[in-house]
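In: sequence? don't have it. structure:
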């Protein structure tokens, strides 16, 4: 049973480019969460999605960031016009239901030059 | 008051020692509580859920005190491999809030 998968593991972008981060939840899990972790800081919640629905996006910056979890395929976190401050590790987690234990993917480390 | 607070440490303890971490939370309506561990530059891994009656898993014991709004983690007979950052997690509405973590270093 494969765990949560994220790709790419490392992503380098120049300022102004777009970053697309993908997350495939564990088999049987329909709830996906995205978190951001800046160097030497804690995990910050960004968005919680179920298939085709955004449940809670209270942690998402209002501009440039968007997330989706389509009926088919992985969840995508999209960052448009990246800036240096977007450099961080982005972790995805999944759970079979809300309020359950979350299982994390290995993360995508985004570096903005 | 922050939603979830933890002493950042670091806690430096010798092998075999017993160490305890506390975590306080602000939302009295929270229902789900967890401890995760995170190794440097790795993803958080679930250590254990925290139940109202307290629970134990080998050398690890978790307690919940709803009246005082804190949870605790006790590690007995600590091993070198226990060195990590321990994250307290509390549900908050429809999402989860992670504490900043407590760093533990177990020294030989």
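Out: Received, thanks. In this text the structure is predicted, and so the values were computed from the model without any measurement.

In: what about the longest strand belonging to chain B, near chain A?
Out: Assignment by DSSP state E gives strand B:84-92 as the longest strand of chain B. Yes: residues of strand B:84-92 are located near chain A by C-beta under 8 Å from any C-beta of the partner chain, namely B:87, B:91. Any C-beta I mention is one placed from the backbone N, CA and C, and that applies to glycine too.

In: and residue A:61, how far is that from residue A:47?
Out: 10 Å (C-beta to C-beta, to the nearest Å).

In: same deal with residue A:6?
Out: Where residue A:47 is concerned, residue A:6 sits at a distance of 15 Å (C-beta to C-beta).

In: and for stretch A:60-79, what's in contact with it?
Out: Contact partners of stretch A:60-79, identified using C-beta atoms under 8 Å, 6 or more residues apart in numbering or on different chains, comprise A:5, A:18-25, A:32, A:34, A:46-47, A:49-54, A:57, A:80-82, A:86, A:90, A:92, A:110.

In: now stretch B:45-57
Out: Outside stretch B:45-57, the residues touching it (C-beta under 8 Å, 6+ apart) are A:101-104, B:32-39, B:60-64, B:66, B:71, B:73, B:86.

In: could you rerun that using 7 Å?
Out: Applying C-beta atoms under 7 Å, 6 or more residues apart in numbering or on different chains, the external contacts of stretch B:45-57 come out as A:101, A:103, B:33-37, B:60-64, B:71.

In: of these, which one scores lowest on pLDDT?
Out: Among these, residue A:101 carries the weakest pLDDT, at 85.

In: spit out the contact partners of that residue.
Out: A:95, B:34, B:46, B:49.

In: if I pick the second one, what's in contact with it?
Out: Listed by C-beta under 7 Å, 6+ apart, the contact set of residue B:34 reads A:101, B:46, B:49, B:50, B:89.

In: list buried residues within these.
Out: Buried members of the contacts of residue B:34, counted by 16 or more other C-beta atoms under 10 Å in any protein chain shown: B:46, B:50, B:89.

In: nearest to chain A, of those?
Out: Nearest to chain A, judged by C-beta to the nearest C-beta, of the buried ones among the contacts of residue B:34 is residue B:46 at 5.2 Å.

In: what's the distance between stretch A:79-96 and the middle of its chain?
Out: The chain centroid and the centroid of stretch A:79-96 are separated by 5 Å, computed with C-alpha atoms, centre = their mean, to the nearest Å.

In: average pLDDT for that stretch?
Out: Computed over stretch A:79-96, the mean pLDDT rounds to 95.

In: that'll do, ta.
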